[in-house]
Structure formats: structure tokens, C-alpha cells
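**Q** need a 3D model of the sequence below.
(one chain, ligands or ions: 1)
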Amino acid sequence: MKLQLALDLVNIPQAKELIKEVENHIDIVEIGTPIIKIEGLKAVKEIKEAFPNLEVLADLKTMDAAAYEVLKASEAKADIVTILGVAEDESIKGAVEEAKKQGKQVLVDLIAVKDVETRALELDAFGVDYICVHTGYDLQAVGKNSFEDLTKIKKVVKNAKTAIAGGIKLDTLPEVIKQQPDLVIVGGGIANQEDKQAVAAKMEDMIKQG
Ligand SMILES: O=C([C@H](O)CO)[C@H](O)[C@H](O)COP(=O)(O)O
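**A** A predicted model of the protein is given here:
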């Protein structure tokens, strides 16, 4: 099980400072959608160059022109690129094909997908690398989480790795670990904490202990 730090509400210098504090405890750093919208793909490139030992995920949440966006993120040195599960099948297949050509990976984000079980089954057949259940900020604000969705996709996904994101904190991490996803994505649960290094270290430890 890998740990991914999601960085959303910071600029590039703030992102670098934050990563420095926790880099020994995480596997993947996510350059979040808001950062990419504000700073562009140079955020991905700068972070990968500053932290070459970490995998870097570009959270593009692609909806269309998928192969082109995967190509551009690959040129910016992203290791993993995200596409939305609600995108057309052609877009998903295009993203997978381009990622394979570039030696990169695709994570499909199931945010806003209503029937996650059916969609996960379809996505798994397209050869995507990760399928991620995700409760975004706006649904977290009304008390939702993705724990049940993780159970549902774990039943049907046979080839892809499974991932979970959305409001995961130290106190909810055990519930996630119980389900053994391949990837746990944590944003505010680390980034908004006073002692980020201690929280990331604790999370790493809990994940290692399984
Ligand atoms: O993808 C995300 C969200 O849609 C904003 O871009 C976050 O990175 C993801 O939800 C993880 O962050 P937390 O919910 O703060 O753990």
C-alpha cells in the first residue's frame, strides 16, 4: 500500500516546503487540480526536478482531449496522470494508449460516478493502472466519504490497482487500511496539520503495519 500526499491549496514554493517536511514518509506527491489550474504544468515539472525520488501525479482530472493532455503531462515529467471516470470510453482508452507510449500510468478518478461498481468493471477492462474512489471537497462538506465505494470496487476490480481519496485523516485511516487499497491519498489530513512530519510518519507506520 502506497501513501500519496495531495497538494491542492498551495503555490509552488509552498508545495516544495511542505514536501521537504514529509518526503521520507510518502511514495507519491500529487500536484492537485487547483495548483495546475493556477500555475500550469510547470508545477509538475518543478516538483519532479526538485524531488526526483518521489513519483509525481498530475491531477489533471481530464475530461476530453485525453491523449493530448497525457502527452503534455508526460512532457512535464509526471509519472501518473488522472482522468475522470465520467469521461467517454474513447477518452479513457486514448489516455491509456498515450500513457503506455510514454511509459507513464493513468489513474481514473471516480468522482461523480453514480454506479461505481459498473464503471470500475468497465475501466478495469480498458487497462487503466489505478481506479480511485473519491469524495471531493464539496461532498466532504456535507459529511460524505468513499469507504463503501471502496468496498464495492474492490469486489469487481481484478487488474488495476485500487485507490481512495477524500478527507482521509489519522482517525479514519484504520478504516481505509482494513480494506487494503493499493494507494491511499491524503491531502488536508497531512497538509493542514500543525506537525505535518509527525502525522505523515504515523500514517506511513500504520500503513506498513497493515
Ligand atoms: O482531488 C482532490 C480534490 O478534488 C481537490 O482537487 C484532493 O486532492 C483529494 O480530495 C485529496 O485531498 P483531501 O480530501 O484534502 O484529503
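
**Q** list the contacts for A99?
**A** 70, 74, 81, 105-106, 129 (Cβ atoms under 8 Å, 6 or more residues apart in numbering). Where C-beta positions appear, they are placed from N, C-alpha and C, glycine not excepted.

**Q** count of neighbours near the residue nearest to D8 when sequence neighbours are not counted?
**A** Distances taken as Cβ to Cβ, 6 or more residues apart in numbering place G32 nearest to D8, at 3.4 Å, with adjacent residues excluded. Per other Cβ atoms under 10 Å, the neighbour tally for G32 reads 22.

**Q** those strands in this protein, which residues are they?
**A** Using DSSP state E, the strands found in the chain span residues 2-7, 28-31, 55-62, 80-84, 105-109, 130-134, 161-165, 183-186.

**Q** hmm, who's touching stretch 69-83?
**A** Contact with stretch 69-83 is made by 28, 31, 41-42, 44-45, 48-49, 55-63, 66, 91-92, 94-95, 98-99, 102, 104-109, 129-130, 132, as judged by Cβ under 8 Å, 6+ apart.

**Q** and if we set it to 7 Å?
**A** 41, 44-45, 48, 55-62, 66, 91-92, 95, 98-99, 102, 104-109 (Cβ atoms under 7 Å, 6 or more residues apart in numbering).

**Q** what residues of that stretch count as buried?
**A** Using 16 or more other Cβ atoms under 10 Å as the test for burial, stretch 69-83 gives 69-74, 76-83.

**Q** a markdown table for the residues you listed, including distance to G166?
**A** Compiled in a markdown table, the buried residues of stretch 69-83 are given as follows (distance: Cβ to Cβ, whole Å):
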| residue | distance to G166 |
| --- | --- |
| E69 | 23 |
| V70 | 23 |
| L71 | 28 |
| K72 | 26 |
| A73 | 22 |
| S74 | 26 |
| A76 | 25 |
| K77 | 26 |
| A78 | 21 |
| D79 | 22 |
| I80 | 17 |
| V81 | 19 |
| T82 | 14 |
| I83 | 17 |
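
**Q** what is the nearest of the residues you listed to the ligand?
**A** Among these, T82 lies closest to the ligand (Cβ to the nearest ligand atom), at 8.1 Å.

**Q** roughly how far apart are the closest one and E39?
**A** As judged by Cβ to Cβ, to the nearest Å, T82 and E39 stand 17 Å apart.

**Q** now L110
**A** 26 Å.

**Q** more neighbours: those two, which one.
**A** Between L110 and E39, counted using other Cβ under 10 Å, the more crowded position is L110 (26 against 16).

**Q** residue contacts, that one?
**A** So L110 contacts 85, 116, 119-120, 131-134 (Cβ under 7 Å, 6+ apart).

**Q** nearest to the ligand among the residues you listed?
**A** Once Cβ to the nearest ligand atom is applied, the member of those that ends up nearest the ligand is H134, at 6.1 Å.

**Q** closest to the centroid, which residue in the protein?
**A** What sits nearest the mean C-alpha location of the chain, by Cα atoms, centre = their mean, is I185, with 5.7 Å.

**Q** which ones are touching it?
**A** 4, 6, 30, 163-165.

**Q** now the two most distant members of these.
**A** E30 and I164 (13.2 Å; Cβ to Cβ).

**Q** ok so, going back, quick one: which of the contacts of A99 is nearest A201?
**A** Q105 (26.2 Å).
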